[in-house]
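**Q** got a predicted structure plus its sequence, pasted below:
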Protein chains: 2
Amino acid sequence: MCQLLGMNANVPTDICFSFTGFRQRGGRTDHHADGWGIGFFEDAGCRIFIDTEASVNSPIAALVSAYPIRSQHVIAHIRKATQGHVRLQNTHPFQREVGGRYWLFAHNGDLKDFAARPGSVRPVGDTDSEEAFCHLLNAVLAVCPDGRPSQEQLLAVVTEVAREVSRHGTFNFLLSNGEWLLAHCSTQLAWITRQAPFSVAHLSDEDVSMDFSEHAAAGDRVAVIATAPLTDNEAWTIIAPQTLLLFREGELIASAGTASTPESLSAAPSVATV
Amino acid sequence: MCQLLGMNANVPTDICFSFTGFRQRGGRTDHHADGWGIGFFEDAGCRIFIDTEASVNSPIAALVSAYPIRSQHVIAHIRKATQGHVRLQNTHPFQREVGGRYWLFAHNGDLKDFAARPGSVRPVGDTDSEEAFCHLLNAVLAVCPDGRPSQEQLLAVVTEVAREVSRHGTFNFLLSNGEWLLAHCSTQLAWITRQAPFSVAHLSDEDVSMDFSEHAAAGDRVAVIATAPLTDNEAWTIIAPQTLLLFREGELIASAGTASTPESLSAAPSVATV
């Protein structure tokens, strides 16, 4: 099992604070030390830092903690290898171009006996996670040969794939194409929205606080999604198992159930608040 | 016009020395300051650092200069924007997955009235360079639908594309899929092989020397390719215009002419030594 971190915002926002805490889970506050990665969308471009070092020791992770890259869509991952060797090609997030846009994907879980749908998008490494990502993108291409699904098409395809792949095991994942960020909770995932009035947040994994009122403007809205809450003084929402959430502009705008018993898509969030 | 740097080696080798000099061309010893990037193959994986800052000022470039990433295939680029805005999506090297392998590409030049062959690989940004890369990969897929060309097929396809695209303007480029590195000289490109007996090299762009005999083992062989020689005390080979070179394991193993007058492929290098 691994650690996931996602961010979706309505204005380019740096993730230094959240990443500072998250990074500790790669070798210090948690034992996931088989590499880590983070991908940032900036306009249509995409910048990925990946490393096979433990994130707590990685000079690249130190740079990312200190260098404020502003993005509206971020996906980060700390790896505990279950399938596939500790190699760069097995390090999340994975990236592909489909339909003239980059897509990023990171997975937490372990899939048994899973093989991707054949298609033009193929895995490079040997993880179940990259297989699932390729499967998902080939499913998008099967529905939209131009690779440019509408929001409704994307939600429908990803819901169906999440339901199908979940039969093979745990399938918590984050997916973004620079327009939407989708978060699927199979077993464990939480999220929070930060917006005005902003307050002081304190990390769970390190004794660091941040007063967002000093850094954010009145209209800023940022959703943060993580395997476990990153702060110990904010009200995170624990996502119900087998739920897919779709974020845009820092806002949760749709969700769907992905339990094997077919459920219809719902525009209303089906999340439980703690 | 831009600056290119490539490396192809028979053992994983760090490029810190060459990159230290190369980096100076992004804002200090040359005026290319519209971003830079470097991509490293490590096993089948691929790690890319890109930035829209001038490389001489970029904290990420400082990290790359100091952090010895060992790779057999490296492609780096410093951008002087001729087409396309200064945006991350227009920053080289570009990456795609084709046939279950990553491919990296960087271009120096300016192509007029060029549009890519339609195909499954599509540009994300708005540069002539990314159009040409997509065109090239779609041409590979047209010949080898599984995206796994043999060396002969790859050399033939890239020669044909280089010849065709060169009609639109300057098309110096570097291309690698982690097995071969191809270097096309349209107007300006030079290369060198470092192997035993190793000696001391001194950078052209900064007063830094490196005694390779202290770092390299007897059987190591490293080819370095650059827009202009990176050192001032080694014998670089200036590549003849309209020549495609194919490197593997640090060795030049094939070349082909790409002038518009059709020429047959040749297994013998057609390079001129200075």
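**A** Received it, and whenever you're ready, just let me know what you need. Numbering: from 1, shown residues only, chains lettered A, B, ... in the order given.

**Q** endpoint to endpoint, stretch A:170-188 covers what distance?
**A** For stretch A:170-188, the first-to-last residue distance is 9 Å (C-alpha to C-alpha, to the nearest Å).

**Q** pretty sure A:Thr231 contacts A:Val200?
**A** No: no contact is recorded between A:Thr231 and A:Val200 when judged using C-beta atoms under 8 Å, the distance being 9.6 Å. To be clear about C-beta, it is placed using only N, CA and C from the backbone, and glycine gets the same treatment.

**Q** who has more neighbours out of these two?
**A** A:Thr231 (23 against 13; other C-beta atoms under 10 Å in any protein chain shown).

**Q** name the SS class of the closest residue to the more buried one other than its chain neighbours, please.
**A** Excluding its sequence neighbours, the residue lying closest to A:Thr231 (C-beta to C-beta, 6 or more residues apart in numbering or on different chains) is A:Ala201, at 4.5 Å. Classification of A:Ala201 using DSSP: H, G, I helix; E, B strand; the rest coil returns strand.

**Q** any idea how many residues pack against A:Ala201?
**A** By other C-beta under 10 Å, the residues close to A:Ala201 number 21.

**Q** correct me, but it touches A:Ala235?
**A** No: the pair formed by A:Ala201 and A:Ala235 falls short of the contact definition of C-beta under 8 Å, at 11.0 Å.

**Q** quick one: the closest residue to A:Gln24 other than its chain neighbours from chain B, how far?
**A** With C-beta to C-beta, 6+ apart as the criterion, A:Gln24 has its nearest non-adjacent residue at 4.0 Å, and that residue is A:Asp205. Going from A:Asp205 to chain B by C-beta to the nearest C-beta, to the nearest Å gives 23 Å.

**Q** just confirm A:Asp205 is within a helix.
**A** No: for A:Asp205, which was evaluated using three-state DSSP, the result is coil, with no helix membership.

**Q** spit out the contact partners of whatever residue of the stretch 101-250 of chain A ends up closest to chain B.
**A** Minimum separation of the stretch 101-250 of chain A from chain B (C-beta to the nearest C-beta) falls at A:Arg122, amounting to 4.0 Å. The neighbourhood of A:Arg122, defined by C-beta atoms under 8 Å, 6 or more residues apart in numbering or on different chains, consists of A:116, A:134, B:97, B:99-100, B:147.

**Q** output these as CSV; include the columns distance to A:Asn8, pLDDT and neighbour count.
**A** Below are the contacts of A:Arg122 laid out as CSV (distance: C-beta to C-beta, whole Å; pLDDT from 0 to 100; neighbours: other C-beta atoms under 10 Å in any protein chain shown):
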residue, distance to A:Asn8, pLDDT, neighbour count
A:Ala116, 26, 83, 20
A:Cys134, 23, 97, 24
B:Glu97, 25, 98, 24
B:Gly99, 32, 97, 19
B:Gly100, 30, 97, 15
B:Gly147, 33, 97, 21
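
**Q** next to chain B, which bits of the stretch 1-150 of chain A? Give me the list.
**A** A:42-51, A:59-60, A:63, A:67, A:87-91, A:95-97, A:99-102, A:120-125, A:147 (C-beta under 8 Å from any C-beta of the partner chain).

**Q** select only the buried ones of these in ChimeraX?
**A** Command for ChimeraX that selects the buried part of the residues of the stretch 1-150 of chain A next to chain B, burial taken from 16 or more other C-beta atoms under 10 Å in any protein chain shown:
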select /A:42,43,44,45,46,47,48,49,50,51,60,63,87,88,89,90,91,95,96,97,99,101,102,120,121,122,123,124,125,147
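
**Q** which of the helices or strands spans the residue most central in space within chain A?
**A** Here the mean C-alpha position of chain A is nearest to the C-alpha of A:Leu174 (C-alpha atoms, centre = their mean), at a distance of 2.9 Å. Assignment of secondary structure by DSSP states H and E places A:Leu174 within strand A:172-176.

**Q** and for that strand, what's in contact with it?
**A** Strand A:172-176 is contacted by residues A:4, A:6, A:8, A:41, A:73, A:75, A:93, A:103-109, A:129, A:132-133, A:136, A:158, A:162, A:181-189, A:225, A:227 when judged by C-beta under 8 Å, 6+ apart.

**Q** try it again with 7 Å
**A** The set of residues that contact strand A:172-176 without belonging to it, under C-beta atoms under 7 Å, 6 or more residues apart in numbering or on different chains, is A:4, A:6, A:41, A:73, A:75, A:103-109, A:158, A:181-189, A:225.

**Q** of those residues, which belong to strands?
**A** With strands defined by DSSP state E, the entries of the contacts of strand A:172-176 inside them are A:4, A:6, A:41, A:73, A:75, A:103-108, A:181-185, A:225.

**Q** and those residues, which are buried?
**A** Members of these that pass the buried threshold by neighbour count (16+ other C-beta under 10 Å) are listed as A:4, A:6, A:41, A:73, A:75, A:103-108, A:181-185, A:225.

**Q** quick one: low-confidence ranges for chain A?
**A** Along chain A, segments meeting pLDDT under 70 span A:1, A:261-274.

**Q** most remote residue from it's center?
**A** Here chain A has its C-alpha centre computed as a mean, and the residue farthest from that point, by C-alpha atoms, centre = their mean, is A:Glu214 with 26.6 Å.

**Q** any idea how far that one is from A:Glu160?
**A** A:Glu214 sits 44 Å away from A:Glu160, taking C-beta to C-beta, to the nearest Å as the criterion.

**Q** export stretch A:112-131 to PDB, keeping only CA atoms.
**A** Included here for stretch A:112-131 are C-alpha records, laid out as PDB according to Å, rounded to 0.1, in the frame of the first residue of the first chain:
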ATOM      1  CA  LYS A 112      -4.600  -9.500  -8.400                       C
ATOM      2  CA  ASP A 113      -4.900 -11.200 -11.700                       C
ATOM      3  CA  PHE A 114      -5.500  -7.900 -13.600                       C
ATOM      4  CA  ALA A 115      -4.500  -7.300 -17.200                       C
ATOM      5  CA  ALA A 116      -5.200  -4.200 -19.200                       C
ATOM      6  CA  ARG A 117      -7.600  -4.000 -22.100                       C
ATOM      7  CA  PRO A 118      -5.400  -4.100 -25.300                       C
ATOM      8  CA  GLY A 119      -5.000  -0.700 -26.900                       C
ATOM      9  CA  SER A 120      -2.700   2.000 -28.100                       C
ATOM     10  CA  VAL A 121      -1.700   3.000 -24.500                       C
ATOM     11  CA  ARG A 122       0.800   0.400 -23.100                       C
ATOM     12  CA  PRO A 123       2.600   0.000 -19.800                       C
ATOM     13  CA  VAL A 124       6.400   0.500 -19.700                       C
ATOM     14  CA  GLY A 125       7.000  -1.000 -16.200                       C
ATOM     15  CA  ASP A 126       5.600  -4.100 -14.500                       C
ATOM     16  CA  THR A 127       3.100  -2.800 -12.000                       C
ATOM     17  CA  ASP A 128      -0.600  -3.500 -11.600                       C
ATOM     18  CA  SER A 129      -1.000   0.300 -11.200                       C
ATOM     19  CA  GLU A 130       0.300   1.200 -14.600                       C
ATOM     20  CA  GLU A 131      -1.700  -1.600 -16.200                       C
END
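
**Q** and it, how far from the chain's centre?
**A** Averaging C-alpha positions (C-alpha atoms, centre = their mean, to the nearest Å) puts stretch A:112-131 18 Å from its chain's average.

**Q** what do you get for stretch A:198-212?
**A** If you compare the mean C-alpha spot of stretch A:198-212 with that of the full chain, they lie 21 Å apart, counting by C-alpha atoms, centre = their mean.

**Q** list the buried residues in that stretch.
**A** By neighbour count with 16+ other C-beta under 10 Å, stretch A:198-212 contains the buried residues A:198, A:201, A:203-205, A:210, A:212.
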